[in-house]
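Enquirer: got a predicted model here, sequence first, then my questions.
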Amino acid sequence: MARIRTIKPEFFTSEDIVSLSPLARLLYQATWCEADKEGRMVWKPRTFKLRYFPADDCDIFALCQELVDAGLVVLYGQGLAYIPSFTKHQHINPRESTSTLPDPDETPRVMTRADASPRVTDAQGGREGKGRY
C-alpha cells in the first residue's frame, strides 16, 4: 500500500543522491511511498515499474540495483528490503499501523541482487517417471 511521504529540500543536494541517475532518484523517492513506518517494504521491482514508471522505457532492475549499490536500500530475507535512513528523514503519522514485516536485524540478508526474488516453484519433490515404481 502506497503512503504519503515528504521530501526535504536538502534531498536534492545530498551527495549520495546527486550521484544517482535521475530515474534512480525518482525510484528512491517512490520506495519511501512503498515503505512502512519502519522503512521496510516488500521488494518487487516489476511492481515498481508498473506503479511508478508505466510509460517510461527504463530498466527497472538496473535502477533498483543502483539504489542497492549506493546503500540507500538494503535487501534482506526473501523478497524484503529496508531504507536504512528512513526514520531519520521521515515524519511518520502516529496513526500509521506498525510494521508487519520482520525486523532486518533479526533476518538474514540472503538477497544480494536487486532483481532477485523469492524462488517460486510448483515442482514436486521425489522421483519422476512413468508407471509404477
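Expert: That came through, no problem.
Enquirer: for the rest of this, base every contact and every neighbour count on C-alpha atoms.
Expert: Fine.
Enquirer: distance check, residue 15 against residue 33.
Expert: From residue 15 across to residue 33, the span is 22 Å (CA to CA, to the nearest Å).
Enquirer: those two: which is more packed in?
Expert: residue 33 (17 against 10; other CA atoms under 10 Å).
Enquirer: can you name every helix or strand that the helix or strand that one falls within contacts?
Expert: For residue 33, the enclosing helix or strand under DSSP states H and E is helix 22-34. Helices and strands touching helix 22-34, by 3 or more CA pairs under 8 Å, 6 or more residues apart in numbering; DSSP states H and E, are helix 45-52, helix 60-69.
Enquirer: excluding chain neighbours, give the residue nearest to residue 49 in space.
Expert: Counting by CA to CA, 6 or more residues apart in numbering, residue 49 lies nearest to residue 60, which is 6.0 Å off, once chain neighbours are set aside.
Enquirer: hmm, residue 45 and that neighbour touching each other?
Expert: Yes. At 6.3 Å, residue 60 and residue 45 qualify as touching, with contact defined as CA atoms under 8 Å.
Enquirer: off-centre distance for stretch 88-100?
Expert: Centroid separation for stretch 88-100 versus its chain: 17 Å, with CA atoms, centre = their mean, to the nearest Å.
Enquirer: buried ones in that stretch?
Expert: Going by neighbour count (16 or more other CA atoms under 10 Å), the buried part of stretch 88-100 is residue 90.
Enquirer: for residue 85, see how far away residue 74 is.
Expert: From residue 74 across to residue 85, the span is 11 Å (CA to CA).
Enquirer: for residue 14, same thing?
Expert: As judged by CA to CA, residue 14 and residue 85 stand 13 Å apart.
Enquirer: what about those two, which has more around it?
Expert: Neighbour count, other CA under 10 Å: between residue 14 and residue 85, residue 85 has more, with 13 against 10.
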